[in-house]
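> Coordinates for the following, if possible.
(3 chains)
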Amino acid sequence: METQATILHADLDAFYASVEQMLDPSLRGKPVAVGGGVVLAASYEAKAFGVHGAMPGRRARELCPDLIFVPGHFREYQRLGNAAIAILGDYTPLVERISIDEAFADVAGCLHLFGSPVDIALKVRERVREELGLPISIGIARTKHLAKIASQVAKPDGLRIVDPARELEFLHDLPVEVIWGVGPVTKAKLAAAGVFKVGELAQMPGQSVQKLLGHAVGDKLSALSWNRDPRAIVTNQRARSAGAQSALGHKPFEERVFRPVLRHLADRIASRLRDKSLSGRTVTARVRFADLRAVTRAATLPAGVSATAILADIAEELVRAVRREFPQERTISLLAISVSHLERQPALQLEFPLGLADEARRPGARRGAARWQADRAMDAVRGRFGWEAIGYGSVVLESPRAVPDAFRELAERDL
DNA sequence: TCTGGGGTCCTAGGACCC
DNA sequence: TCTGGGGTCCTAGGACCC
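Below is the predicted model of the structure:
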């Protein structure tokens, strides 16, 4: 018996920009960009001029002089994204959300209740349009990967089903970059080998594909063409790491610059971890120099950390090591901290082993338990009065942040 | 005035153990 | 004393995604 096409991939179109056009009718049909210094999202009208996310605002204005910048309604994005995914959830419990505006759903178990997958997709599209005022595209296929490709093909504001008997036919003339995991670098490698379409890729011997792209991408491609693509929906993914970063423009690579920034980043990450009773054993610091080359340094500890001060100390030590290693680098453009190897935090932590070399233990440093309790007290104040109500004195940043905090929060994955 | 911020996964090499 | 192989953990860099 042939497997049916029951996997849906639903994807809100140009999500942030569409929300802005929904909220303010005078923006409809016009090129709109959310952001200012940098474009966070662009409407289809703006995309037609070549404007896209992560583009400097100045460049966007050059490409599209009539571009309308709006600051963004980030709380609305969260609410409307949740609402759209909830509509999918009205039809099946098997929903796998992969970002604020995108989710897979398997409707195999509810066809007797709601009709065919196409019936369900039509209903979802209609309801998202009626109830939320937003366009959403849906792809339907036998596997997640194919459904995802189908929704991309369906955009904007469309529906596309891939007949299981005609999958290769569907893929044949599509450009290779529709494949999940094929980005600019892989696309260029394939182009150099004379491969531009999925059909051409399918004709390449498996060995040459692996040699060119490595095992992971090679396996993915052969799974796709041999119809062994996984289709299981995973409803509750836990994050494997938590991080934060800050672009600095151009700043001297000096202690007085990086110390307060690292404390701020550590504060953000550690409070998120504590909120979920998590800690992490591996701390990674990343330093990007003026020319955008970046180096990372990591330390894995015998026990997890979730205290702000300890995380900040470790990150500082790693960044100092980078500075010692690259004495000729005088300017940095970005700092980042990431914590991985996440584990459940014991209810009461008596002491935090620092784990890094003894140099991390400065004379007079407070014990881990004391730091952790101070953090918990601060978390409680923030819970009542807001995040900005209290903080480490040294954490106050003099430079305005490039991106609103509300946007950063949107991007955070549930831990 | 060269590019945001939050993530995932893969690869390759080295240390270390059995 | 020399040699080999496999497994695991860790680090650094990089591609990719939204």
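> Tell me which helix or strand comes right after the helix or strand hosting residue A:83.
Secondary-structure element containing residue A:83, defined by DSSP states H and E: helix A:74-89. Scanning forward in sequence from helix A:74-89 by DSSP H and E, the next helix or strand is strand A:95-99.
> so after that next one, what's the next helix or strand?
Using DSSP H and E, the helix or strand that follows strand A:95-99 in sequence is strand A:102-106.
> tell me which strands and helices that following strand is in contact with?
Strand A:102-106 sits against strand A:7-12, helix A:74-89, strand A:95-99, helix A:144-154, with contacts defined as 3 or more CB pairs under 8 Å, 6 or more residues apart in numbering; DSSP states H and E. Heads up, the C-betas are built off the backbone N, CA and C, glycines and all.
> which residues are contacting the longest one?
When you say that, I think you mean helix A:74-89. Contacting residues not belonging to helix A:74-89 are listed as A:8, A:10, A:12, A:15-16, A:19, A:23, A:95, A:97, A:100-101, A:103, A:105, A:124, A:127-128, A:131-132, A:134, A:136, A:404, A:406-407, A:409-410 [CB atoms under 8 Å, 6 or more residues apart in numbering].
> Pull out the buried residues from it.
Across helix A:74-89, burial judged by 16 or more other CB atoms under 10 Å covers A:74, A:77, A:80-81, A:84-85, A:87-88.
> Neighbours of whichever residue of the stretch 1-150 of chain A sits closest to DNA strand C, how many?
Going by CB to the nearest atom of the strand, DNA strand C is nearest to residue A:99 of the stretch 1-150 of chain A, at 3.0 Å. Here the count is done by other CB atoms under 10 Å, and residue A:99 has 13 residues near it.
> Distance of it relative to residue A:72?
Relative to residue A:72, residue A:99 is positioned 17 Å away (criterion: CB to CB, to the nearest Å).
> helices or strands up against the longest strand along chain A?
Under DSSP state E, the strand in chain A containing the largest number of residues is strand A:331-344. Counting contacts by 3+ CB pairs under 8 Å, 6+ apart, strand A:331-344 is packed against strand A:241-252, helix A:255-275, strand A:278-289, strand A:294-305, helix A:308-325.
> Show me which residues of the stretch 251-400 of chain A sit near DNA strand B.
Where proximity means CB under 7 Å from any atom of the strand, the interface of the stretch 251-400 of chain A facing DNA strand B comprises A:268, A:272, A:292, A:333-334, A:336, A:338, A:340.
> just curious, which of these is nearest to residue A:166?
Minimum distance to residue A:166 across these is 42.1 Å, recorded for residue A:340 (CB to CB).
> For beta bridges, what are the partners of the closest one?
Beta-bridge pairing of residue A:340 under DSSP bridges involves residue A:241, residue A:282.
> Neighbours of it, how many?
For residue A:340, the tally of surrounding residues (other CB under 10 Å) stands at 16.
> contacting residues around it?
A:240-241, A:280-282, A:284.
> What is the nearest of the buried residues of helix A:74-89 to residue A:4?
Relative to residue A:4, and with distances defined as CB to CB, the nearest of those is residue A:88, at 18.2 Å.
> And for residue A:34, the neighbour number?
By the criterion of other CB under 10 Å, residue A:34 has 25 neighbours.
> now do residue A:172
Neighbour count for residue A:172, taken as other CB under 10 Å: 14.
> which residue packs closest to residue A:64, ignoring adjacent ones?
In this structure, residue A:64 finds its nearest non-sequential neighbour in residue A:49, 3.7 Å apart by CB to CB, 6 or more residues apart in numbering.
> oh sorry, the question was meant for residue A:186
Distances taken as CB to CB, 6+ apart put residue A:213 closest to residue A:186, at 6.0 Å, once the chain neighbours are dropped.
> my read: that neighbour touches residue A:188, true?
No - under the criterion of CB atoms under 8 Å, residue A:213 is not in contact with residue A:188, lying 11.5 Å apart.
> Who has more neighbours out of those two?
The residue with the greater number of neighbours, taking residue A:213 and residue A:188 and applying other CB under 10 Å, is residue A:213; the counts read 21 against 10.
> Which residues are in contact with that one?
For residue A:213, the contacting residues are A:186, A:189-190, A:221, by CB under 8 Å, 6+ apart.
> What is the next helix or strand after the longest strand of chain A packed up against?
Toward the C-terminal end, the helix or strand that comes next after strand A:331-344 (DSSP H and E) is helix A:368-385. Judged by 3+ CB pairs under 8 Å, 6+ apart, helix A:368-385 is in contact with helix A:255-275, helix A:308-325.
> would you turn these into CSV with distance to residue A:377 and mean pLDDT?
Written out in CSV, the entries for the helices and strands packed on helix A:368-385 read as follows (distance: least, CB to CB, whole Å; pLDDT from 0 to 100):
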stretch, distance to residue A:377, mean pLDDT
helix A:255-275, 11, 95
helix A:308-325, 12, 96
